[in-house]
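Chemist: structure, please.
(one chain, ligands or ions: 1)
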Amino acid sequence: MSRQTGSASSAVPSTAFVDEARRGFTEQFGGEPAGVWTAPGRVNVIGEHTDYNDGFVLPMAIDRACHAAAAPRADRVLRVYAAQLGKTVEVSLDALTGPGSAGDTRPADSPDMSPLADPAVTGWAAYPVGVAWVLQQAGFPVGGADIYLTSTVPVGSGLSSSAALECATALALGGISGFELTTAELARHTQRAENIYAGVPCGPLDQMSSAYGEDGSVLFIDTRSGEVRPQPFDLAAEGAVLLVIDTRVSHAHGENGYADRRAACERAAAFLGVPALRDIALADLPETFAKVAVGLDETTARRVRHVVTENARVQQFVAILNHKDFSLPPLGHRMMQSHASLRDDYEVSAPELDVAVATAVAAGAHGARMTGGGFGGSAIALVDTGLLDAVQDAVRAAFAEHGYPEPQFFPAVASAGARRTA
Ligand code: GLA
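Modeler: As a prediction, this is how the structure comes out:
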């Protein structure tokens, strides 16, 4: 049943990448790494832009991951090499701590998640260095380290390459410095690193997916309580595949767009007098929509409508999965509704994503939707295995017709979360 046809190439088994990480470490730094720590990317099956509204999400970790080969150093230097970029960052761990040195002395549990005014390190380097900084702030005894990072999560594809990097780095630092992080700590501190140090106002979705991932399961997460319920997701048994369509475009307005959407949700929640949009019941939506449209504006009302209906769709999707004899069309239907809502009400889709979704469904997919933050990146399509080739061919042809870059395809395989792999 799990036959995979055509060019939706499965990822090379991760043991090959673990070996590559070890070899790369030796080439780059000399000597042997003390171990390798691996953390996956994710696709979000449904529940988009709900995580910073205290809502529900349903992601799964995938078999694309970041591998961190690491060894301790005798001094207090952190040196990180990113293989895909061919770049190194080197910092003194002591320069990252103490009043003023990194421009920030907030305690680890401070509710203030605003970015540092003047981050000491910028670009890609802010991610691994931010992880070291945040762990130190939280009181973990982070020691000097050499870390070699290599990743199979495509960057800018909306598959959480940064969360994979952060989680792999955090585990590697713990592994060689002799401290252990609980899964909840791993998710929380890596999200803080991204919010505060890298200055990206993301919610908990990506880091929780990478930390909590389970083989063969999607994760039903209540982002308010932090409860994570793995839910078996055996598509092969249904003769189907969750196909990732990486559009390979990432629109420049995405960064501001994300922050704008988040701010609009917070404004609406404050206006409605609720802690978060999670607190608006589906039954109250018509009344709430009217109130926000009059009191704020219609655009904000549509943002609210997306969040409220999306939370309901996640719960419906999970309820369908919980049926012993669930079938794929109702799942596909919820995916389509989710995409339409993200496109029309939340306005975070992109022409490439809309073409991918419409074409996949026209070629026989049960449903498809954008996944992740949007403004480019990847779509996912629920496809019967026998139609995999037809769907990919159709999407490839449609992209060529529109003059878009050639998309990339691979099956999303629900995989284990962040862990030591060597
Ligand atoms: C990005 C963010 C997540 C989440 C999604 C949208 O991936 O990092 O926190 O908000 O967008 O669901």
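
Chemist: next one: Leu342 from Val361, what distance?
Modeler: Distance of Leu342 to Val361, computed by C-beta to C-beta, to the nearest Å: 15 Å. The C-beta positions use only the backbone N, C-alpha and C, and glycine is treated the same way.

Chemist: packing partners for whatever helix or strand Arg302 lives in?
Modeler: Assigned by DSSP states H and E, Arg302 belongs to helix 298-322. Here helix 298-322 touches strand 35-46, strand 56-72, strand 217-222, strand 227-232, helix 254-272, helix 285-295, helix 328-344, going by 3 or more C-beta pairs under 8 Å, 6 or more residues apart in numbering; DSSP states H and E.

Chemist: in a strand, Leu78, correct?
Modeler: Yes - checked against DSSP: H, G, I helix; E, B strand; the rest coil, Leu78 lies within a strand.

Chemist: so what pairs up with it in the strands?
Modeler: Beta-bridge partners for Leu78, by DSSP bridges, are Val91, Ala145.

Chemist: burial of it, as a residue count?
Modeler: Neighbourhood size, Leu78 [other C-beta atoms under 10 Å]: 25.

Chemist: so what's it scoring on pLDDT?
Modeler: Looking at Leu78, its pLDDT reads 95.

Chemist: quick check, the helix holding Arg302 touching the ligand?
Modeler: No - Helix 298-322 lies out of reach of the ligand by C-beta under 6 Å from any ligand atom, never closer than 8.9 Å.

Chemist: in that helix, what counts as buried?
Modeler: 300-318, 320-321 (16 or more other C-beta atoms under 10 Å).

Chemist: from the ligand, how far off is Ala416?
Modeler: 20 Å (C-beta to the nearest ligand atom, to the nearest Å).

Chemist: that residue belongs to a strand?
Modeler: No - Ala416: not assigned to a strand; according to three-state DSSP it is coil.

Chemist: just give me the neighbour total for it.
Modeler: Ala416 has 19 nearby residues by other C-beta under 10 Å.

Chemist: residues from the chain in reach of the ligand?
Modeler: Residues of the chain found near the ligand (C-beta under 6 Å from any ligand atom) are 44, 48-49, 51-52, 202-203, 205-206, 372-373.

Chemist: circling back to that earlier point, deepest-packed of the helices and strands packed on helix 298-322, please.
Modeler: strand 35-46 (a mean of 29; mean count of other C-beta atoms under 10 Å).

Chemist: angle of that one against strand 56-72?
Modeler: Interaxial angle of strand 35-46 relative to strand 56-72 (axes from the mean of the first three to the mean of the last three C-alpha atoms, to 10 degrees): 170 degrees.

Chemist: where does the prediction get shaky in the stretch 101-250 of the chain?
Modeler: 101-120 (pLDDT under 70).

Chemist: follow-up on the earlier one: turn the helices and strands packed on helix 298-322 into JSON lines, columns for distance to Ala418.
Modeler: Supplementary listing: those in JSON lines, determined by distance: least, C-beta to C-beta, whole Å:
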{"stretch": "strand 35-46", "distance to Ala418": "4"}
{"stretch": "strand 56-72", "distance to Ala418": "8"}
{"stretch": "strand 217-222", "distance to Ala418": "13"}
{"stretch": "strand 227-232", "distance to Ala418": "13"}
{"stretch": "helix 254-272", "distance to Ala418": "24"}
{"stretch": "helix 285-295", "distance to Ala418": "37"}
{"stretch": "helix 328-344", "distance to Ala418": "27"}
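
Chemist: of all the ones you listed, which lies closest to His402?
Modeler: helix 328-344 (16.3 Å; C-beta to C-beta).

Chemist: give me the angle between that closest one and strand 35-46.
Modeler: Using the same axes, to 10 degrees, helix 328-344 lies at 90 degrees relative to strand 35-46.

Chemist: in the helix or strand following helix 328-344, what counts as buried?
Modeler: With elements assigned by DSSP H and E, the helix or strand that comes after helix 328-344 is helix 351-362. By 16+ other C-beta under 10 Å, the buried positions in helix 351-362 come out as 352-357, 359-361.
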